[in-house]
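Trainee: Okay, predicted coordinates and the sequence, questions at the end:
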Amino acid sequence: MKLHLGCGEIYLEGYVNIDYPSSKHTVQTKSVADEHHDITKLRYPEGSIEEVRLHHVFEHFSRSVALALLASWWSWLKPGGLLRVEVPDFDRMARVVLNPFVSSKSKGKALRHIFGAQEAPWAVHFEGWSARRLARVCTEFGFRIEKINRISWNGLHNIEIFARKVDDSLTLSDFEERAKNTLSLYLVNESETEKRMLEVWLRVYRAQVGRSFAKWKDSL
C-alpha cells in the first residue's frame, strides 16, 4: 500500500489518496480523495506501508507533531519503505524577502509561501524547512536520504526529499530521545521557563505518538 497524504485535487494512481473532506476546504472545487481523514489521526499496522508521500503538507504541522509523525510513518513503513516529502524551501524564500531589488509583489508571494495562504485554520505553515534541516531530522528518525530535488515554479522554491527506512531497530524511547534533542535546538536558554517549554513540546509529541505510532500500546 502507498499513501498520498493531503492529496488536494491531485490524484496519484497506485496510491491511497487521503485528504480532509470538502467541507474543510475553502477554495478547492472538488475532492479526488479515496478516503477522507485527519492525517494526525491515522494509524496503520507496523510494516504495512510501502511508501508515504506528502506534497506541501509537512510544513502545516507544528514541530512536535511533525517529529511524532516522522516516527509514526517510520513505524508504518516496511523495511526499505520510502518517505517522500516536498516543502517550501524556507532559506531560498527568505532570501527573496530580504533582497532589496525584488518587487513588493514577489516579496508577497514569498511571504505567503513561507507562512501559508491562511484562508483556513489549517492553511498556516508552522516551520521553515531547508534541505539540510529536513534531511537531518529524517536521518535522526531512522531514514537514509537517497535524493534531494530542488524545484522552482513561478518564483517559488521548494525542496523534495526521498528518504528510505533503513534502521528497523528503533524504539519509542529512541524516538523520544531524538525528538527531545531536536526540540532542544529551539530553546533560547537553559532557564527553568525554557525547560518547562521543552516539556510542553514533549507532551504534544507524546500525544501525537499515542494517536499514530503503530503498535503504540505494545511498545510501552
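Mentor: Arrived safely.

Trainee: so how far is the helix or strand where Val209 lies off the chain centroid?
Mentor: Per DSSP states H and E: Val209 is located in helix 192-212. Chain-centre distance of helix 192-212: 17 Å, with Cα atoms, centre = their mean, to the nearest Å.

Trainee: which other residues reach that helix?
Mentor: Identification of contacts with helix 192-212 by Cβ atoms under 8 Å, 6 or more residues apart in numbering yields 40-43, 62-65, 67-69, 71-72, 172, 175-176, 179-180, 183-184, 186-188, 216. All C-beta spots, glycine's among them, are computed from the backbone N, C-alpha and C.

Trainee: Buried residues of stretch 167-183, list them for me.
Mentor: Within stretch 167-183, the residues scored as buried using 16 or more other Cβ atoms under 10 Å are Leu170, Leu172, Phe175, Glu176, Arg178, Ala179, Thr182, Leu183.

Trainee: Not counting its neighbours along the chain, what's nearest the last one?
Mentor: With sequence-adjacent residues excluded and distances taken as Cβ to Cβ, 6 or more residues apart in numbering, Leu183 is closest to Trp201, at 4.9 Å.

Trainee: what about that neighbour, neighbour count?
Mentor: Around Trp201 there are 22 other residues, counting by other Cβ atoms under 10 Å.

Trainee: what residues are up against Ile159?
Mentor: When contacts are counted by Cβ under 8 Å, 6+ apart, Ile159 touches Glu86, Val87, Pro88, Asp89, Trp129, Ser130, Ala131, Leu134, Ile148, Asn149, Arg150, Ile151.

Trainee: Drop anything exposed from those residues.
Mentor: Judged by 16+ other Cβ under 10 Å, buried ones among the contacts of Ile159: Glu86, Val87, Pro88, Asp89, Trp129, Ser130, Ala131, Leu134.

Trainee: from those residues, which two are the most distant?
Mentor: For these, the farthest-apart pair by Cβ to Cβ is Glu86 and Ser130; their separation is 13.2 Å.

Trainee: Tell me who's in contact with the residue located most distally from the centre of the chain.
Mentor: Residue farthest from the centre of the chain, counting by Cα atoms, centre = their mean, is Phe101 at 32.2 Å. If a contact means Cβ under 8 Å, 6+ apart, then Phe101 has no contacts.

Trainee: next one: Glu160
Mentor: By Cβ under 8 Å, 6+ apart, Glu160 lies in contact with His55, Arg84, Val85, Glu86, Ile148, Asn149, Arg150, Ile151.
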